[in-house]
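K.L.:
Attaching a predicted model along with its sequence, questions to come.
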Amino acid sequence: MTSEIKITVELDENRVPEKLFWAAQDGGVVQEESKAMMLSFWDSNVQETMRIDLWTKDMPVDEMKKFFHQSLVAMADTFQRATDDEKMSDTMRDFCDYFAEKMDLKAE
């Protein structure tokens, strides 16, 4: 059995993303538009993270700050589920609170 997640990037003449779309039919998502994405893959052979970070040229800075904050919080949650390291997860969440405070973000 397989499942597919598809990412489509529309570029302008300078190859800058104008629109991002993603689809995951198994999850009921068909051509959902997005303003930004961060995708990471672990390459076990070289012990490195391979990344794709994209955002559209009309992504507002205030939304980018929220996107980063929410991504950091999600990473702390994922880290705890993956490692069961509650102490470090809490430390990461403390940083997320600090980040939100410095970025003048409301509690998310």
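P.N.:
Received, thanks.
K.L.:
what residues go with each domain of this structure?
P.N.:
Split into domains by the TED database, the chain comes to 1-56, 60-107.
K.L.:
okay, those domains, which one's buried deepest?
P.N.:
domain 60-107 (a mean of 13; mean count of other Cβ atoms under 10 Å). Every residue, glycine included, has its C-beta placed from N, CA and C.
K.L.:
Give me the distance from that one to the chain's centre.
P.N.:
Chain-centre distance of domain 60-107: 11 Å, with Cα atoms, centre = their mean, to the nearest Å.
K.L.:
Report pLDDT for the residue nearest the centre of the chain.
P.N.:
In the chain, the centroid-proximal residue (Cα atoms, centre = their mean) is M38; its distance is 3.9 Å. Per-residue pLDDT puts M38 at 97.
K.L.:
Show the contacting residues for it.
P.N.:
Each residue near M38 by Cβ atoms under 8 Å, 6 or more residues apart in numbering is listed here: 51-53, 71.
K.L.:
A23 is in contact with K6, isn't it?
P.N.:
Yes - counting by Cβ atoms under 8 Å, A23 does reach K6; the two are 4.5 Å apart.
K.L.:
now the helices for the protein?
P.N.:
Ranges of helices within the chain are 61-83, 86-102, based on DSSP state H.
K.L.:
Distance to T2 added to those helices, as JSON lines?
P.N.:
What follows is the helices of the chain, written out as JSON lines (distance: least, Cβ to Cβ, whole Å):
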{"stretch": "helix 61-83", "distance to T2": "23"}
{"stretch": "helix 86-102", "distance to T2": "32"}
